[in-house]
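Trainee: Model the following, please.
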Amino acid sequence: MNITANRTSLPLSKRRRYLLDDQVGFVLRQAFQRHTTLFTEKMGAEITPTQWAVISKLHEIGACSQNLLGRQTAMDAATVKGVVDRLTKRGIVATAPDPNDGRRILVSLTEEGENLADLHIGRALDVTEATLAPLTATERGTLMSLLMKLR
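Mentor: Numbers count the residues shown, from 1 in each chain. Purely as a prediction, here's the structure:
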């Protein structure tokens, strides 16, 4: 099928307009790119956003199964396993079999991981503040509320 011929065969008045700049996915990606740049500037290159998600979630809830950690950080099983493997090699997290279920792997922060979390929490809060800086307090609340509805 010739897509160009199909598109131009419609009169201008019948064509649906699609402007990339007006699309939610495009705008979200731009906002995320800005956020990621701010994250790298403030957190440094040694911690990626996915690594920080694992570190901060373990700091928040304590040891948990790798499966639960993936759900809590919105990562699929392969991604969370890769992140945990890399953080384990760096001595930031440790894994151990669950004493109550040998099929389950528990993940926890090491002492070094706890120290790293404590060190970076302020920086992570600064990333959020910098990301939301163009918005008023009311707009920040509205944005977060609306984004929560979309997830």
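
Trainee: how about the strands in the chain?
Mentor: For the chain, strands defined by DSSP state E occupy the ranges 64-65, 93-98, 101-109.

Trainee: Could you identify which of those is most buried?
Mentor: strand 64-65 (a mean of 17; mean count of other Cβ atoms under 10 Å). Every residue, glycine included, has its C-beta placed from N, CA and C.

Trainee: who does it pair up with?
Mentor: Pairing partners of strand 64-65, with direction, according to DSSP bridges: strand 101-109 (antiparallel).

Trainee: send the alpha carbons of the strand it pairs with over as PDB?
Mentor: Extracted in PDB, the C-alpha atoms of strand 101-109 (Å, rounded to 0.1, in the frame of the first residue of the first chain):
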ATOM      1  CA  ASP A 101      10.400 -19.500  51.100                       C
ATOM      2  CA  GLY A 102      13.600 -20.800  49.400                       C
ATOM      3  CA  ARG A 103      12.200 -19.900  46.000                       C
ATOM      4  CA  ARG A 104      12.300 -16.200  47.000                       C
ATOM      5  CA  ILE A 105      15.300 -13.900  47.000                       C
ATOM      6  CA  LEU A 106      15.400 -11.100  49.600                       C
ATOM      7  CA  VAL A 107      17.100  -7.900  48.800                       C
ATOM      8  CA  SER A 108      18.400  -5.400  51.400                       C
ATOM      9  CA  LEU A 109      20.700  -2.500  51.600                       C
END
